[in-house]
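J.: Please work out how this folds:
(2 chains)
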Amino acid sequence: MLASAIPTLVFYLLAAISLTLAWSVVTGRRILRAAVSLMGVLAASAGLYLLLDSPFLAGVQVLVYVGGIVVLLVFAVMLTRTTELLEDHPTRARQIVGGAVATGFFLLSYNMMTADAFVGRTLSPLPKNDVAAIGRALLDTGENGYALPFEVVSLLLLAAMIGGIVIARKPAVAAKPEAFHG
Amino acid sequence: MADFLTAHAPTLTHWLVLTSALFAIGLYGMLTRRNAVGVLMSLELCLNAAAVNFVLFNRYLAPTAQGGAERLDGAVMTIFVIAVAAAEVVVGMAIFVAMYAERRTVDVTRLDALKD
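T.: Residues are numbered from 1 along each chain as shown, chains lettered A, B, ... in the order given. This is a model prediction of the structure:
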């Protein structure tokens, strides 16, 4: 009895934490504090992956999202620190447009997710060793394998790395003519 | 207390409401934030909600293939989403740093170079 009550409690706890922190990410006036809140949301999502019996994804989430992406975002905040440190409140028109689009999206998807196909579904058991299964799927060249997307993602990461360096570096200083004569 | 919680275990709809709400909050942030880094953070919220959704659908709706073998396409997709998010943040940060060096601001409402 208690064993089935705890995951429910954890789910609603994580849901409350992520929704509260997500709201402070998008409305907080201090952008650095928003970054810390984002870290909390992503860590709560790692907890959600654990609830879904996917500890490997939870680990990837913490390593890449919390440890990598949020740190990069904090760097971006610090490197682009302007004189106006505090974010202004958005204008009324932007609030209305943003609220309308977000509410519209939520109502539309709520309409769909109460469809018959989604009601009354239960969690299915996962394969015993899901990390090994994920690894096999990533390297499978067969019909249902992901070998090609896997390689494309590695190319994408390489391109992003080189692109990041090229975009962010200072423009090259023009070489002095005498440098060529040695 | 324990009885109440056991009777109210989250179903797929509860999970989907949570992820849709997170996505909608991110959408709101993308449209209202003025700081470009804030827009990127809101985008990360959306990507994260979508990534959780992939695992959800895998676990609840398509756990096995036609032949009965277990499928983990949702988990694989989540890994791809995380990898693409990482690449996107790297390029985004580089663009913001270059933009700041050029114009001393990352306010998206003042970036109107294409209008001139």
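J.: so who does the spatially most central residue of chain A touch?
T.: Nearest to the centroid of the C-alpha atoms of chain A, with distances taken as Cα atoms, centre = their mean, sits A:Tyr65, at 6.0 Å. With contacts defined as Cβ atoms under 8 Å, 6 or more residues apart in numbering or on different chains, A:Tyr65 is in contact with A:42, A:45-46, B:44, B:48, B:82, B:85. Bear in mind the C-beta positions are built from the backbone N, C-alpha and C, glycine included.
J.: What score does it have for pLDDT?
T.: As summarised for this prediction, A:Tyr65 has a pLDDT of 90.
J.: Same question for whichever helix in chain B runs longest: list its buried residues.
T.: With DSSP state H setting the assignment, residue counts place helix B:73-103 as the longest helix in chain B. Of the residues in helix B:73-103, those with enough neighbours to count as buried (16 or more other Cβ atoms under 10 Å in any protein chain shown) are B:73-100.
J.: next one: stretch B:49-61
T.: Judged by neighbour count using 16+ other Cβ under 10 Å, the buried positions of stretch B:49-61 are B:49-60.
J.: how about low-confidence regions in the chain?
T.: Assuming you mean chain A. Low-confidence segments of chain A, defined by pLDDT under 70, are located at A:1-2, A:82-88, A:123-129, A:171-182.
J.: I was after chain B.
T.: Short version for chain B, where the test is pLDDT under 70: B:63-70, B:116.
J.: Dead centre of it: give me the residue that sits there.
T.: B:Leu47 (1.5 Å).
J.: for that one, helix, strand, or coil?
T.: For B:Leu47, the secondary-structure state derived from DSSP: H, G, I helix; E, B strand; the rest coil is helix.
J.: residue contacts, it?
T.: Taking Cβ under 8 Å, 6+ apart as the test, what B:Leu47 contacts is B:81, B:84-85.
J.: one more time with 7 Å
T.: Neighbour list for B:Leu47: B:81, B:85 [criterion: Cβ atoms under 7 Å, 6 or more residues apart in numbering or on different chains].
J.: what does the one 5 residues further on give?
T.: For B:Val52, the contact set (Cβ under 7 Å, 6+ apart) comprises A:45, A:48, B:19.
J.: Any chance of a markdown table for the residues you listed, columns neighbour count and distance to A:Phe150?
T.: Converted to a markdown table, the contacts of B:Val52 look like this (neighbours: other Cβ atoms under 10 Å in any protein chain shown; distance: Cβ to Cβ, whole Å):
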| residue | neighbour count | distance to A:Phe150 |
| --- | --- | --- |
| A:Ser45 | 25 | 23 |
| A:Leu48 | 25 | 25 |
| B:Thr19 | 24 | 25 |
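J.: Out of those residues, the closest to A:Ala16 would be?
T.: Taking Cβ to Cβ as the measure, A:Ala16 lies nearest A:Leu48 of these, at 12.3 Å.
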